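[1] no sequence on this one, just coordinates:
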């Protein structure tokens with residue numbers, strides 16, 4: 001009876017206007033996706049991976065869909081995809097869409113919790129809005145139309161799943177026994193979230209040094225151990241189940257970045273993609289290595305300094321942005337980290353900068369330039385204006401890191417949220 005009354009109380013407390021707007025937006029989004037004849041190509045690849053595992057086939061020799069796409073994730077991901085074979089393709093697509101909508105709301109809610117954990121928020125109406133009941137629903141209704149989110153649904157990608165796992169992890173309270181598990185699992189599925197482990201390690205070492213190494217053991221290092229342990233546990237378990245595929249991935253496939261796609265493609269919004277288009281080459285080589293090393297060092301420095309000041313939101317957004325910039329391939333749908341980024345800007349930045357960033361992610365401007373699937377390489381012949389449009393996410397990411405690295409921007413404002421930073425389990 002108590003459980004029933006609690007559920008009823010929570011339902012009554014939901015802001016009906018926000019819930020209605022969110023549902024209306026999601027229905028319109030679903031209809032728009034169907035009208036655009038989205039094929040969820042990557043979801044079909046995931047299903048094929050699950051079928052290959054169940055059939056005992058060669059996971060990394062597999063090719064799926066009309067695009068002849070290969071497997072690119074670690075074997076653990078393929079094991080997670082086996083349940084996709086239990087339902088038909090139409091049902092699988094419907095469940096994936098519904099699941100991603102739920103994950104989007106969860107990611108927005110976690111982003112609000114993350115921003116509320118920060119030390120300062122500007123005393124502005126937009127920041128106060130984030131404290132209102134139903135804010136997550138209002139924001140989800142709008143953010144679902146951003147290009148990275150649209151593309152995630154279009155391809156049936158798992159970006160919202162991995163981002164939510166990381167965000168869930170980073171919003172746990174310090175003494176949580178689960179803090180670190182989400183990052184470990186996300187890294188075992190897609191390697192890029194591993195940069196959060198590096199960030200936490202640097203934070204932990206820096207905090208220990210500040211204390212004169214007495215005590216040296218702290219929350220950041222505990223999360224590193226849990227994340228690493230979780231990653232190793234599921235990776236070893238995957239190797240026991242799929243020994244041949246695991247050996248091939250960790251000794252061969254992990255180094256073949258060409259399996260993921262062409263570096264110069266417009267959809268690649270990392271430093272390597274921008275440099276490839278800028279230099280009119282399919283391989284930016286040493287130029288990318290130098291740029292990625294510099295940006296990785298600068299981005300992690302921004303993240304660690306912010307964390308040491310107690311500004312967790314800036315640390316998380318800076319690390320996520322750095323990972324997207326330095327990865328060899330960051331497709332536009334990988335930039336679902338625009339969700340916590342825009343929530344942070346809404347709370348901290350001037351309205352004009354929030355609007356500018358929102359327009360970058362919602363305008364689909366990177367697709368206004370000539371582009372074509374392989375083997376045509378129109379991206380290698382872009383003019384200056386086209387290069388600018390096709391590098392908007394990368395430029396925004398670099399600008400964001402620069403802005404977050406200026407301490408004065410983090411100290412503005414003197415209003416603390418009503419619900420201060422206690423992340424509940």
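    Alright, I've got the coordinates. The structure presented is a predicted model; accordingly, all values stated were derived computationally and were not measured.
[2] strands along this structure, start to end?
    Using DSSP state E, the strands assigned to the chain run over residues 63-64, 69-70.
[3] out of those strands, deepest packed?
    Mean neighbours per residue, mean count of other C-beta atoms under 10 Å, is largest over these for strand 69-70, with a mean of 18. In this view, the C-beta of every residue, glycine as well, is placed from N, C-alpha and C.
[4] pLDDT averaged over that strand - what is it?
    Across strand 69-70, the average pLDDT comes to 90.
[5] show residues contacting it.
    Strand 69-70 is contacted by residues 41, 42, 45, 60, 62, 63, 64, 259 when judged by C-beta atoms under 8 Å, 6 or more residues apart in numbering.
[6] now, of the residues you listed, which are buried?
    Among the contacts of strand 69-70, the ones that count as buried by 16 or more other C-beta atoms under 10 Å are 41, 42, 45, 60, 62, 64.
[7] list the contacts for the first one?
    By that I understand residue 41. 65, 67, 69, 155, 156.
[8] most neighbours out of the residues you listed, which is it?
    Comparing the contacts of residue 41 by number of neighbours (other C-beta atoms under 10 Å), residue 156 comes first, having 23 neighbours.
[9] would you confirm that that one contacts residue 42?
    Yes. Using C-beta atoms under 8 Å, residue 156 makes contact with residue 42 at a distance of 5.3 Å.
[10] hang on, the earlier thing: identify the farthest-apart pair in the contacts of strand 69-70.
    Maximum pairwise distance in those, criterion C-beta to C-beta, is 18.5 Å, between 41 and 60.
[11] let me see the ranges of the helices in the stretch 201-350 of the chain.
    Counting by DSSP state H, counting those that start in this stretch, the stretch 201-350 of the chain has helices at residues 219-241, 243-251, 271-279, 286-308, 312-326, 338-348.
[12] got the buried residues for the first one?
    Neighbour-count burial for helix 219-241, with 16+ other C-beta under 10 Å as criterion, is recorded at 219-228, 230-231, 234-235, 238-239.
[13] now it and helix 286-308, what's the angle there?
    130 degrees (axes from the mean of the first three to the mean of the last three C-alpha atoms, to 10 degrees).
[14] who's in contact with helix 219-241?
    Residues outside helix 219-241 that contact it (C-beta under 8 Å, 6+ apart) are 74-76, 79, 169, 174-175, 178-181, 183-185, 187-188, 194, 196-197, 200-201, 203-205, 207-208, 246-247, 307.
[15] coming back round to it: which of the contacts of strand 69-70 scores worst on pLDDT?
    residue 259 (85).
[16] can you give me the distance of the closest residue to residue 208 other than its chain neighbours to residue 184?
    Spatial nearest neighbour of residue 208, chain neighbours left out: residue 216 (4.1 Å); criterion: C-beta to C-beta, 6 or more residues apart in numbering. Remark: distance between residue 216 and residue 184 (C-beta to C-beta, to the nearest Å) = 22 Å.
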